[in-house]
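Visitor: Turn this into a model:
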Amino acid sequence: MDVETSALEEFVVGSVPTVFYLPDYVTIAEEEQLLNNIYKAPISKWRTLKNRRLQNWVPPWLEHVTHRIYAESKLFPSAINHVLINEYLSDQGIMPHQDGPAYVPVVAILSLGSPVIMNFTPHQSFKNAGGMTGINNDTISESAPSHVNESLSEHRPFSVALMSRSLLIFKDAAYSDYLHGIEDSELQRYDEAINVNNALLGDGQIPAISDLKIVSSSSEYGGGTIIHRTGTRISLTCRVVLKVHKTLVKLKI
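Guide: Model prediction:
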């Protein structure tokens with residue numbers, strides 16, 4: 001691990017470099033203040049999309065948070081200058097996507113309110129490695145070239161549980177080689193997340209959050225543990241724009 005990532009070494013989760021999960025990054029009081037400020041914003045600051053609302057700006061009351069993320073993570077080359085504030089209802093998510101080349105390849109996501117599961121899937125170029133269209137990691141042919149098998153085996157889907165007040169940071173391969181998204185569903189698989197232990201409180205208990213329900217058995221999810229999203233989630237997606245354009249808001253959301 002290089003000098004830049006060593007500051008967060010204890011927060012690394014999963015096997016894909018580099019994914020960091022920091023539980024309880026802000027306090028309950030800080031979360032309440034952030035939510036108050038977000039919902040005090042003029043209605044003109046909100047943009048309504050098909051499956052969510054968002055704000056796209058870095059107001060003064062948010063700068064102390066973005067500066068803290070920049071200073072403590074040591075992963076951003078310069079101060080964070082772009083923040084998307086997304087609002088998701090309990091059945092809303094976002095399709096698998098990449099943030100694109102307009103940004104430095106590192107992103108920090110601060111989650112407020114209802115917990116959610118974020119899924120990472122390998123980019124299509126890895127699914128089709130070596131021209132083997134439609135192949136997946138469970139059906140890798142023993143006769144396939146070794147470099148194809150290695151590429152596919154190194155790019156497997158994974159998910160991260162984003163609990164309230166947590167901070168997720170990912171960069172490098174996790175940024176460029178994967179799509180990330182959230183299912184449009186109130187029920188989401190919890191127990192298979194790569195940070196399932198990190199997402200728990202220090203005493204090993206599920207966080208006592210009023211809008212989080214744990215369902216231990218669900219035939220729809222193979223009998224695994226799932227979360228039932230019953231509240232609204234706010235996410236603050238923090239990035240560094242390489243070159244600020246007036247049209248960026250319209251093109252990169």
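Visitor: In terms of helices and strands, where is residue 20?
Guide: Taking DSSP states H and E as the criterion, residue 20 maps to strand 19-22.
Visitor: Tell me what the nearest residue to residue 35 once chain neighbours are set aside is bridged to.
Guide: Leaving out its chain neighbours, the residue that sits closest to residue 35 by Cβ to Cβ, 6 or more residues apart in numbering is residue 112, at 5.9 Å. For glycine as for every other residue, the C-beta is placed from the backbone atoms N, C-alpha and C. In this structure, residue 112 bridges to residue 234 when assessed by DSSP bridges.
Visitor: for the strand holding residue 20, what is the average pLDDT?
Guide: The predicted model gives strand 19-22 an average pLDDT of 95.
Visitor: Same check on stretch 65-74?
Guide: Rounded mean pLDDT across stretch 65-74 is 96.
Visitor: My read is that residue 53 contacts residue 45, right?
Guide: No: in this structure, residue 53 is not within contact of residue 45 by Cβ atoms under 8 Å, at 10.0 Å.
Visitor: one step back: quick one: list the elements packing against the strand holding residue 20.
Guide: Packing partners of strand 19-22 (3 or more Cβ pairs under 8 Å, 6 or more residues apart in numbering; DSSP states H and E): strand 167-171.
Visitor: hey, C-alpha coordinates of the strand it packs on in PDB?
Guide: Provided in PDB are the C-alpha atoms of strand 167-171 (Å, rounded to 0.1, in the frame of the first residue of the first chain):
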ATOM      1  CA  LEU A 167     -18.000   7.300   4.600                       C
ATOM      2  CA  LEU A 168     -17.100   5.100   1.600                       C
ATOM      3  CA  ILE A 169     -14.000   6.000  -0.500                       C
ATOM      4  CA  PHE A 170     -12.900   4.100  -3.600                       C
ATOM      5  CA  LYS A 171     -10.300   4.800  -6.200                       C
END
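Visitor: Now for the closest residue to residue 122 other than its chain neighbours, how many residues are close by?
Guide: Leaving aside its sequence neighbours, residue 122 sits nearest to residue 155 (Cβ to Cβ, 6+ apart; 3.8 Å). Burial of residue 155 is recorded as 21 neighbouring residues (other Cβ atoms under 10 Å).
Visitor: How confident is the prediction for residue 155, by pLDDT?
Guide: Confidence score, pLDDT, at residue 155: 78.
Visitor: Which element, helix or strand, includes it?
Guide: Secondary structure assignment for residue 155, by DSSP H and E: no helix or strand.
Visitor: So for the helix or strand where residue 109 lies, mean pLDDT?
Guide: Element membership of residue 109, judged by DSSP H and E, is strand 106-113. Taken as a whole, strand 106-113 has a mean pLDDT of 97.
Visitor: Relative to the whole chain's centre, how far out is it?
Guide: Here strand 106-113 is found 6 Å from its chain centre; the criterion is Cα atoms, centre = their mean, to the nearest Å.
Visitor: Beyond that strand, next helix or strand please.
Guide: strand 116-122.
Visitor: pull the CA atoms of that following strand into PDB?
Guide: What follows is strand 116-122 as a C-alpha-only set of coordinates in PDB (Å, rounded to 0.1, in the frame of the first residue of the first chain):
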ATOM      1  CA  VAL A 116     -28.400   1.000   1.700                       C
ATOM      2  CA  ILE A 117     -26.400  -1.600  -0.200                       C
ATOM      3  CA  MET A 118     -24.200  -0.500  -3.100                       C
ATOM      4  CA  ASN A 119     -23.300  -3.000  -5.700                       C
ATOM      5  CA  PHE A 120     -20.100  -3.100  -7.700                       C
ATOM      6  CA  THR A 121     -20.000  -5.000 -11.000                       C
ATOM      7  CA  PRO A 122     -17.000  -5.400 -13.400                       C
END
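Visitor: Could you list the paired strands of that strand along with their orientation?
Guide: Using DSSP bridges, the strands paired with strand 116-122 are strand 158-162 (antiparallel), strand 178-182 (antiparallel).
Visitor: List phi and psi for residue 187.
Guide: Phi and psi for residue 187, reported as degrees, to the nearest 10, are phi -110, psi 130.
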